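> A structural model of the following input is requested.
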Amino acid sequence: MTCAAKRFCSSLSMLALFLSVSANLSVAQHTTSFSAVRGSFTPTTDAVTGDFSSANMEVDVVLAPRNESTLADLLVDRYNPQSKNYQHWLAQGEFYARFAPTAQQIKAVTDYLSKGGLEVEPSSSPFLIRVSGSSSMIENIFKTNIRTYRNRKGIDYFSNDSEIQMPASVASQVRGVIGLSNTVRFQSMRSRPVKQTAPPAPTPSCETPYPTEEQLANAIFGISGYAFGYGGGPGCNGLTPAQDNAIYGAPNLGSFGKGTGIDLAVFELSAYQQSDIQTWAKYFYGASYKAPLVDITVDGGPLSPICPVGDTCPAFANGYSGDIEVDADIEMQLAISPNARHVLVYNAPNDYTGQTSLDEFTKIANDDTADVVSSSWAVCENDAGAAYAQAENVIFEQMALQGQSVFGAAGDTGAFSCIRSDGTTIANVLDPPSQPWVTSVGGTSLETFNPNANPNPTYPNGIETVWNVLNLCNAGSGSDGLTGFDWCAEEGAGGGGNSEFWGRPIYQFGPGVNNPNSTVGNGTTQCSLAAKGKPCREVPDVSINADENTPYAEYCTGNSNTPFSVCGEFSQYQTPAGWFGIGGTSLSSPFWSAIIANHDSLYRTRIGNANPLLYLLFNVDANGYFHDITGKGQTVNNNGIFPTTPGYDLATGIGTPKMGAIITLIP
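Numbering: from 1, shown residues only. Take a look at the predicted model:
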């Protein structure tokens, strides 16, 4: 028989290939023992809206490191002050040489995937095998179905409906598959004051009272604004760098206490304008100052996204859509470390499966240039999934062994980190800040303390509280027309709680770490990647001011050449134009990263992941290094669920910094 039409011939060929692959798989499945890959499925009560179908999609198979027990031991050794190898960091490339999967491991997995008809493609890491094929082929090879769902916010997504299965010999090498779900949608953790007006005359007084519930509710409903001024920034729009440093007691040590010789880095998913940063920097540091910006693009970046096939990099989530976040991150780091050698601005497209974000973290680790890294972008653990979390974890272990310090924003919706993404009000924390080798930074408020334009205010003892505006973020209902959950999403509160995936790291101990709200592994919803009965990872680790009503001064603009710019929607109407106050744990994370950068600068060495040292200081002399947010005598005393207490708590961690003591600590 001959084919008269090429299209018909092509269809027959594809059908033959599919039948052949299916037959081979069917025979193999009758003779092979299959195992489920642990943690590869996240149950949901969201409505199924149909089957998912794609002619072609790319997914990343996550491989386990080789010598995992050796890797764990090495991390303990390098962070043990009693070890002769303490802070002896791995050289660039050494991590892969020691722990990347062997050629045999990779071949065993790729052979199985290839026999199923999937095409193996290059990936960003030896721990990832990227394969592509039709959704039906992917369903066959992983023995699951991919469905479409609709969450409580009306957002559609796809995900596998059961654990993936692979031959036992292959499954033992695999930690999961990324790309079977498109719920890994990173969001930024920043917050602006709701509608307000300039402070009343006479100027230049920037002191206005902390807003009331009525003022905030009226502003949210669009009824009226309220007079607002805080800090000495232009137009009373937030704290200045001098005020930031003075409040938390920065030492006066000259240039080496301000980041000299250190490479800062920020993880970003949005374009920004360098001119904004230069304008901010010249205002505070003089006309001769030039911010040391270096842009590093991954996967085409947010302006020219190279999106994995089958993934989504929507225009509205790219371009300059997060410029307000990028500017805030960079300006906050420069407020504390103005003499840094470079600010490395890593930027990838913002996608829906997290594959581009994973590529960006991989790039930061492999470059091994950044001494400290801050990320203010995150996704709640329940949306990230265990496979994604495990893929990230290997990268953060690499950074920790290279001596890189990584910080993440703990969240802006209190104990309910999924509210803004999927509408659920379960207690949940954010990934990657919940990772064992990331320092999770929570939020506090300076509340009734307003330093006006005083360039050298002192710390307001007894006033700093957890960030939860007027205690409005909670699990109840109010009389103002908004529920407690509405307030969590609108005004915000500091993130904190127990990890869904990770057991408690060896460094996390001290007064309050074991508390009535601690959880232990149960194999499913509570630190599911740890042994049953093991205490779970708790966050945040530390905190600092994040309240948008006690904000920092930001400069950010937008125009017709900056598509989807957040700043372009409002900043030209500010007084003065472009300047406004900004809060959120987005500011807390880069603030803390710069504190550690200043320590590294002073002693010209990397301390690596900050958590082992910070918890050690907490246990040795907590009052000497931290301000403990206890809640005693304070109306605002929880983050929606978890109370502030003496010692460690799930709302503020071990407290806020006494910068002088931390920066001058002899390593």
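
> I'd like to know the average pLDDT value across stretch 45-65.
The average pLDDT for stretch 45-65 rounds to 95.

> in that stretch, what counts as buried?
For stretch 45-65, burial by neighbour count (16 or more other CB atoms under 10 Å) applies to Asp46, Phe52, Met57, Glu58, Val59, Asp60, Val61, Val62, Leu63, Pro65. Just so you know, the C-beta spots here come from the backbone N, C-alpha and C atoms, and that holds for glycine as well.

> can you tell me the distance between the two ends of stretch 506-526?
18 Å (CA to CA, to the nearest Å).

> Over to stretch 259-272?
The first-to-last residue distance of stretch 259-272 comes to 23 Å (CA to CA).

> what's the neighbour count on Gln278?
Counted with other CB atoms under 10 Å, the neighbours of Gln278 add up to 15.

> That one belongs to a helix?
Yes: looking at Gln278 with DSSP: H, G, I helix; E, B strand; the rest coil, it is inside a helix.

> from what I can see it touches Ala291, true?
Yes: counting by CB atoms under 8 Å, Ala291 is a contact partner of Gln278 at 5.7 Å.

> so who does Gln634 touch?
By CB atoms under 8 Å, 6 or more residues apart in numbering, Gln634 lies in contact with Thr465, Thr644.

> Helices along the stretch 101-250 of the chain, start to end?
Counting by DSSP state H, counting those that start in this stretch, the segments of the stretch 101-250 of the chain that form helices are 103-115, 135-142, 168-171, 213-220, 241-247.

> what lines up beside the strand or helix carrying Thr49 in the sheet?
If you go by DSSP states H and E, Thr49 is part of strand 47-51. Its sheet considered, strand 47-51 pairs with strand 146-150 (antiparallel) by DSSP bridges.

> Can you give me the pLDDT of Pro667?
On the pLDDT scale, Pro667 gets 83.

> Wait, it touches Arg604, no?
No: counting by CB under 8 Å, Pro667 sits too far from Arg604 to count as a contact (9.9 Å).

> what about the two, which has more around it?
Pro667 (14 against 11).

> Please report how far the more buried one lies from Gly403.
11 Å (CB to CB, to the nearest Å).

> Now the common contact residues for the two.
Joint contacts of Pro667 and Gly403 (CB under 8 Å, 6+ apart) are Gln87, Ile607.

> for stretch 238-248, what is the average pLDDT?
Across stretch 238-248, pLDDT averages out at 98.

> what's next to that stretch, contact-wise?
230-233, 284, 334-336, 338, 446, 451, 454-460, 544-545, 550-554, 580-582, 591, 656-659.

> Kindly write the ChimeraX command that selects the buried subset of the residues you listed.
To isolate the buried ones among the contacts of stretch 238-248 in ChimeraX, judged by 16+ other CB under 10 Å, type:
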select :230,231,232,233,284,334,335,336,338,446,451,454,457,459,544,545,550,551,552,553,554,580,581,582,591,656,657,658,659
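
> give the contact list for the residue nearest the centre of the chain.
Closest to where the C-alpha atoms of the chain average out (CA atoms, centre = their mean) is Ala378, at 3.3 Å. By CB under 8 Å, 6+ apart, Ala378 lies in contact with Phe186, Gln187, Met189, Gly408, Ala409, Gly411, Ser417, Leu430, Asp431, Pro432, Pro433.

> do you know how far it is from Tyr388?
Ala378 is 12 Å from Tyr388, by CB to CB.

> same check, this time on Asn517
26 Å.

> Report how many residues lie close to Ser33.
Ser33: 9 neighbours (other CB under 10 Å).

> The residue nearest to Ile277 when sequence neighbours are not counted: what secondary structure?
Among residues not flanking Ile277 along the chain, Ala291 sits closest, at 4.8 Å (CB to CB, 6 or more residues apart in numbering). Three-state assignment for Ala291 (three-state DSSP): coil.

> Is Leu303 in contact with Ala271, as I believe?
Yes: using CB under 8 Å, Leu303 is in contact with Ala271, at 5.2 Å.

> So for these two, which residues contact both of them?
Common neighbours of Leu303 and Ala271, using CB under 8 Å, 6+ apart, are Asn318, Gly319.

> More neighbours: these two, which one.
Ala271 (24 against 14).

> pretty sure that one is touching Ile324, no?
No: at 11.8 Å, Ala271 does not count as touching Ile324 under the criterion of CB under 8 Å.

> Next, the closest residue to Ala546 other than its chain neighbours: phi, psi?
In this structure, Ala546 finds its nearest non-sequential neighbour in Gly443, 2.9 Å apart by CB to CB, 6+ apart. Torsion angles at Gly443 (phi, psi; degrees, to the nearest 10) stand at phi -120, psi 140.

> On the pLDDT front, check Ile364 for me.
So, for Ile364, pLDDT stands at 98.

> tell me the SS of it?
Of the three states, Ile364 takes helix according to three-state DSSP.

> Run a quick neighbour tally on it.
By other CB under 10 Å, 24 other residues sit near Ile364.

> Could you number the chain from 48 rather than 1 from now on?
All right, first residue 48 from here; so that's Ile411.

> Which residue, neighbours along the chain excluded, lies closest to it?
Tyr393 (5.6 Å).

> Which secondary structure element is home to that neighbour?
If you go by DSSP H and E, Tyr393 is part of strand 389-394.

> Indicate each strand paired with that strand and its parallel or antiparallel sense.
strand 310-315 (parallel), strand 340-344 (parallel).

> I'm done for today, thanks for sticking with me.
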